[in-house]
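Novice: Pasting a predicted model and its sequence here:
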Amino acid sequence: MRTRRYLRQWGRIAAICALGLALACEREKRRFNDASPSAPAYAAVTLDTLQPGVPSPELTVKSPSEGNAYDIAQGKQLFEQWNCSGCHSHGGGGMGPPLMDNEWIYGSSPENIVATIVEGRPNGMPSFRNRITANQLWQLAAYVRSMSGLEAKAPSPGRNDGMQYKVDEQRTPFRTPRASASKTLPAKSERP
Amino acid sequence: MTWAGSIFDTAGTPAERIARLAWFLIIVSAVTYLLVLVATGIAIRRARARRTRGDLADTRPETAKRLTRNVAIATIATTLILLVYVTATALTGKAIAWPLNARQPLTIEVTGYQWWWQFRYRDSVPSNWLTTSNELHIPVGRPVRVILLSNDVIHSFWIPELHGKQDLIPGHRNTTWIQADRPGVWKAHCAEFCGHQHAKMQFDVVAESPAQFDQWYRRQLASALPPTDSAAKRGHDVFVQRTCIMCHSINGTEAGSNVGPELTHIASRPSIAAGSLPNTRVNLGRWILNPQLIKPGVRMPPNALSPADMNALLDYLETLK
Amino acid sequence: MSAQPLPAERAVESDPNSPASLHDRLERVWRNGPGLWGWLTSVNHKSIALRSIITAFAFFGIAGVEAALMRVQLARPENSFIGPDLYNQLFTTHGSAMMFLFAVPVVQSVALYFVPIMIGTRNVAFPRLNAFGYWTYLIGGVLLFSGLFTNTGPDQGWFSYVPLAGPGFSPGKRVDIWAQMITFTEIAAIVAAIEVIVTVFKQRAPGMSLNRVPPFVWAMVVMSFMVLVAMPYVATASAMLAMDRLIATQFFNYAEGGDALLWQHLFWFFGHPEVYIIFIPGLGMVSAIVATFSRRPVFGYTAVVLSLVAIGFLSFGLWVHHMFATPLTQTGQSFFTAASAMIAIPTGVTIFCWIATIWSGRPRFDTPMLYVVGFIALFTIGGLSGLLLASVPVDLQITDTDFLPGHIHYVLLGGMVFPLFGALHYWFPKVTGRMMSERLGKVSFWLLFIGVNVTFFPQLLLGIAGMPRRVYTYLADSGWGGLNLTSSIGAGLIALGMLLLVINVARSLAAGAAAGADPWGGETLEWAISSPAPDYNFAYIPIVHGRSALWADTGDLDAVAGLREDRREILQTTMLDAVPDSRHEHPDPTIVPLLTALAVGVGLIWGIFDPIGFVVGGVLTFIALAAWGWPEKPSLTRARSWRCQSDRRR
């Protein structure tokens, strides 16, 4: 009788622990060596889900870095150390379009952002094919999304150490993505 | 006493003076400890004898007076020992301070990164400044001023054979100095917890004669020669067309990123992976293929290279002496 | 009220033929409620202290298992038993749990259990606050380990240096959980300190002037004052860190006017007194045991008490010796070398006085006394290794090496855990009414003593050999494998000793020999009541005529009559000379402290994720506090406190 009561008690405690584990697991995982969905996988990704007939199911590839605090923080470090700010300026834009607003020319989903980095885009975005590993691509994509508040609050990075140049991603409000035409095409009169 | 790698394996003046003080304090501590143990032992024995005799505890005023005198003597002895201790410490502190009459010191700027070291030699001629990674050469007999900077978190610069440690604190410009009085090769460690791979953040220290040091310095300043044979050429292409170029630099090539350690003379280094892996072809190949297996959490990602590409890359890196 | 000699009060038993006996009446008033509700609403200092001690030992056990895992990982070079991420979480939670969830709470709980009894009162000064403190502590501890078991265990070291612990280099919520655990445990520690100080200064038995207070109680008072001064610093520092991480303040950001060194100053200004907060109660326990087992009062009472106070003061002037490798001026650092040396003098005085007590005593070497001798043997090594660390030049070589874990474990295990285990054997009969097994006690003592030396002496050598600390592995060609293996074997011995201790406790609880009220023949007031102590402690508040309350008088104790037997009432006396001053009503059991702790808990835990949590928690706490302080209807017959008219000669 007593044993059964203990078991019930411990069973409840174990259930709560399992729930906690599941919730915190994703945010706090540190994947040093896990293989990510590799480059060829997102070759299947299209810029738009609009397709004639019935859309194919393998249009999306799941990012392993979504909601993961460590990966987003790594993405931030990579963004800074590889000088993405040279054109995108910590998200505010400059030569390149801003990344912290709600306008997305080539799609805001992680696999679209990865495709942008890998393929490069017209008018100045270099192609980083073979230069950045799959893990790092997903980390960068997650960070870019966090710049406009598309990542959850808890895993998003706080303020950086160093001079402050913007509101940190953790306190950036969610900005609903909308597709926009490229703003960097030269004016009609200047096109060759 | 030369316990290799220990603080007693001294090779420079500051470490020698510190080791002497440490010995002195250890001996004083050991003697003090013995005295305390002996006193306790005698106390237990005498009191046990009292119990065997059947006497009660001794609370007579004469005994209290005697014990007060003994406690007072012990306290005064403690104070005197501590005075000696403080004096010895002060004297040693003065002796290991930066020698104000240092002639022609060498100045090296050390920047700590998670989890590797960058050394920048500040020659008197600015165009001769040398930047290298994870390997520190110093000339014997010449004082070296070390400027300590950090790129990210707090690290600590520690060569046990030469001097105590000093922290690298972001936002602060800390300084220390070292001087090797004999040639040698030693391993230095990061000594402040700095994250996942604090355990394997080391660097090699080589103290050599001034002539050898100049030779090494000149060789390090030279850019990498372009590869001559086809395997090395292919390896060079792998380096500049794949992931390596994003983080590493090789002077004389298109690779100029300073995110990770610079590799211009990687083949001349005794170890790789911040001093934690002997520099052999097999180790280098393992490291490039998947650093996470050797140092989980390190910033360098796994690199999927075909065996042919890997061999070519290794051939190229071996030419970077 | 009058003071008259009253019938013997050594062991009050209820007379089964007289259901309305004094014992029954007092029990009915002072006991806890029935069942789970009674457990949740208890405001009895012994119930709360006992459950706090058990909670602390539970955290001790978990942290001990973590230590064992770490030693397994370090037993061989380049071992792959535990990777760096888990290892960092293990050593951080081991340190944090040991320091914040075991060491300070357990010594404070021992104080909360025994100080009221030793000074002859029925409860601590603020019973509901006491309950609130325990629940807050429990929530904090559960928070930390919930973090560990959900992969959110803090991994930045128990000292949490910035910028590693800052928002830039510690992603996720691990550090935030650590910072909030600090807030919980600091609230609980400050609460317990307030209890001890006010109880000792206002509720001592008549005749127990300050110079008749037992050295154990003095130690607890000194510790409590230190807690009041030191704990706010770490609570502030952790709040600043949490703010940096959550709402982008710049306290520790050098580029915007902050400083990473600020953290170190704030933390170590707390951190150094913290270890003396842990150590001084150990000295108090040693005093109590040495006196009882040497069959004479502690030699040099005044010297011992003044030394305790001196250690308390001096410990606040040492903190920079944790920062000798930072860019602070050499002159400044030398001051802290001298101060760190100076604190050895009062510490030495206390040890010399105890040796003198043994010398002139008539000692019996039961297990508690063995632990005292073990304390002298181990703590002195720790203290002397501390002197090596206090000297700036030597410190620059051996700080942040394995020398430090060796040093700290010698002083913490030798200076606190050994006296604690001695106190466990010493006071177990008083708490449970049963004796512990002497044989098992002696075996576990020797296992622990040998184990501590085999584990931590090699670490002193490893530090000298050049091995850094906080490393999850080391290279094979470093030559450190042998000493590390020895240290790990010693850890196994410690584990065995602890296991035997636990078995001893369990077996003694179930079937230990019955202990009377005074199995050791002690001198302090706790031995004047039955074992286990009744809920009301003393049927009549005793009057004390000398320093050793029970040895000064032979025969029956004088006592005070007049406290009410139909409701909870305690006697307040003056601060210096303990002349009866007034009577106060104490609260009955209530659920409000638990609700307040839950409100605070909701606020602080929610605040880890979103600042709105503090607002919500603040509102809830306000409601709970309103319930706490809700005034009762005034009544002509139910006054809260009565002034005494004393006709007693001074």
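Specialist: Received it, and whenever you're ready, just let me know what you need. Numbers count the residues shown, from 1 in each chain, chains lettered A, B, ... in the order given.
Novice: Please tell me I have it right and residue C:601 contacts residue C:184.
Specialist: Yes. Between residue C:601 and residue C:184 there is a contact under Cβ atoms under 8 Å: 7.5 Å. C-beta coordinates here come from the backbone N, C-alpha and C atoms, glycine included.
Novice: Does the helix or strand containing residue A:80 reach chain B?
Specialist: Secondary-structure assignment from DSSP states H and E places residue A:80 in helix A:69-81. Yes. Helix A:69-81 reaches chain B (Cβ under 8 Å from any Cβ of the partner chain) through A:77, A:81.
Novice: Give me the number of neighbouring residues for the residue in chain C that chain A sits nearest to.
Specialist: At 2.9 Å from chain A, residue C:167 is the closest residue in chain C, using Cβ to the nearest Cβ. Per other Cβ atoms under 10 Å in any protein chain shown, the neighbour tally for residue C:167 reads 25.
Novice: so is it in a helix, a strand, or just coil?
Specialist: Put simply, residue C:167 is coil when judged by DSSP: H, G, I helix; E, B strand; the rest coil.
Novice: Quick one: residues contacting the residue nearest the centre of chain C.
Specialist: Nearest to the geometric centre of chain C sits residue C:107, at 2.1 Å (Cα atoms, centre = their mean). Contacts for residue C:107 were tallied using Cβ atoms under 8 Å, 6 or more residues apart in numbering or on different chains; they are C:220, C:223, C:277-278, C:281-282, C:416, C:420.
Novice: run the last query once more with 7 Å
Specialist: C:223, C:278, C:281, C:416 (Cβ atoms under 7 Å, 6 or more residues apart in numbering or on different chains).
Novice: can you check residue B:75 too?
Specialist: C:345, C:348-349, C:352.
Novice: Highest neighbour count among the residues you listed?
Specialist: Most neighbours among the contacts of residue B:75, by other Cβ under 10 Å: residue C:352, with 26 neighbours.
Novice: Could you check the pLDDT of it?
Specialist: Residue C:352 is assigned 95 on the pLDDT scale.
Novice: same question, residue B:145
Specialist: Residue B:145 is assigned 95 on the pLDDT scale.
Novice: And it, how far from chain C?
Specialist: 14 Å (Cβ to the nearest Cβ, to the nearest Å).
Novice: Wait, that residue touches residue B:109, no?
Specialist: No. The criterion here is Cβ atoms under 7 Å, and residue B:145 misses it with residue B:109 at 9.4 Å.
Novice: before we move on, the earlier item: out of the contacts of residue B:75, which is nearest to residue B:54?
Specialist: Comparing these against residue B:54 with Cβ to Cβ places residue C:352 closest, at 27.5 Å.
Novice: returning to that earlier point: now the common contact residues for residue C:601 and residue C:184.
Specialist: Common contact partners of residue C:601 and residue C:184 (Cβ under 7 Å, 6+ apart): residue C:139.
Novice: out of these two, which sits in the busier spot?
Specialist: Higher neighbour count among residue C:601 and residue C:184: residue C:184, with 27 against 22, using other Cβ under 10 Å.
Novice: for chain C, longest helix please?
Specialist: Secondary structure of chain C per DSSP state H: the longest helix is helix C:260-294.
Novice: For that helix, which residues meet the burial criterion?
Specialist: Using 16 or more other Cβ atoms under 10 Å in any protein chain shown as the test for burial, helix C:260-294 gives C:260-261, C:263-294.
Novice: pLDDT (mean, whole number) over it?
Specialist: Mean predicted confidence for helix C:260-294 is 96.
Novice: That helix and chain A, any residue contact?
Specialist: No. Judged by Cβ under 7 Å from any Cβ of the partner chain, helix C:260-294 makes no contact with chain A; its nearest approach is 8.9 Å.
Novice: Could you point out the helix or strand that follows that helix?
Specialist: Toward the C-terminus, helix C:260-294 is succeeded by helix C:301-314 as the next helix or strand (DSSP H and E).
Novice: Can you check what pLDDT the model gives residue A:22?
Specialist: 62.
Novice: circling back: does the helix holding residue A:80 come close to chain C?
Specialist: Yes. Using Cβ under 7 Å from any Cβ, helix A:69-81 comes into contact with chain C via A:69-70, A:72-73.
Novice: Find the closest residue to chain B in the stretch 301-450 of chain C.
Specialist: Counting by Cβ to the nearest Cβ, the stretch 301-450 of chain C gets nearest chain B through residue C:396, at 2.3 Å.
Novice: Quick check: buried residues in the helix or strand that contains that residue?
Specialist: Using DSSP H and E, residue C:396 falls within helix C:392-398. Residues C:392-398 are the ones in helix C:392-398 that count as buried (16+ other Cβ under 10 Å).
Novice: quick revisit: format the contacts of residue B:75 as CSV; extra columns: distance to residue C:128 and secondary structure.
Specialist: Below are the contacts of residue B:75 laid out as CSV (distance: Cβ to Cβ, whole Å; DSSP: H, G, I helix; E, B strand; the rest coil):
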residue, distance to residue C:128, secondary structure
C:345, 42, helix
C:348, 42, helix
C:349, 39, helix
C:352, 43, helix
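Novice: ok, of those residues, which one's closest to residue C:93?
Specialist: Distance to residue C:93, by Cβ to Cβ, is smallest for residue C:348 among the contacts of residue B:75, at 34.8 Å.
Novice: Could you check how many residues crowd around the residue nearest to that closest one when sequence neighbours are not counted?
Specialist: Nearest non-adjacent residue to residue C:348, counting by Cβ to Cβ, 6 or more residues apart in numbering or on different chains: residue B:78, 4.5 Å away. Residue B:78 has 20 neighbours, counted by other Cβ under 10 Å.
Novice: Do I have it right that residue B:283 meets residue B:277?
Specialist: Yes. Taking contacts as Cβ under 7 Å, residue B:283 lies within contact range of residue B:277: 5.0 Å.
Novice: Compare these two (neighbour count), which wins?
Specialist: Just comparing residue B:283 and residue B:277: by other Cβ under 10 Å the higher neighbour count belongs to residue B:277, 19 against 15.
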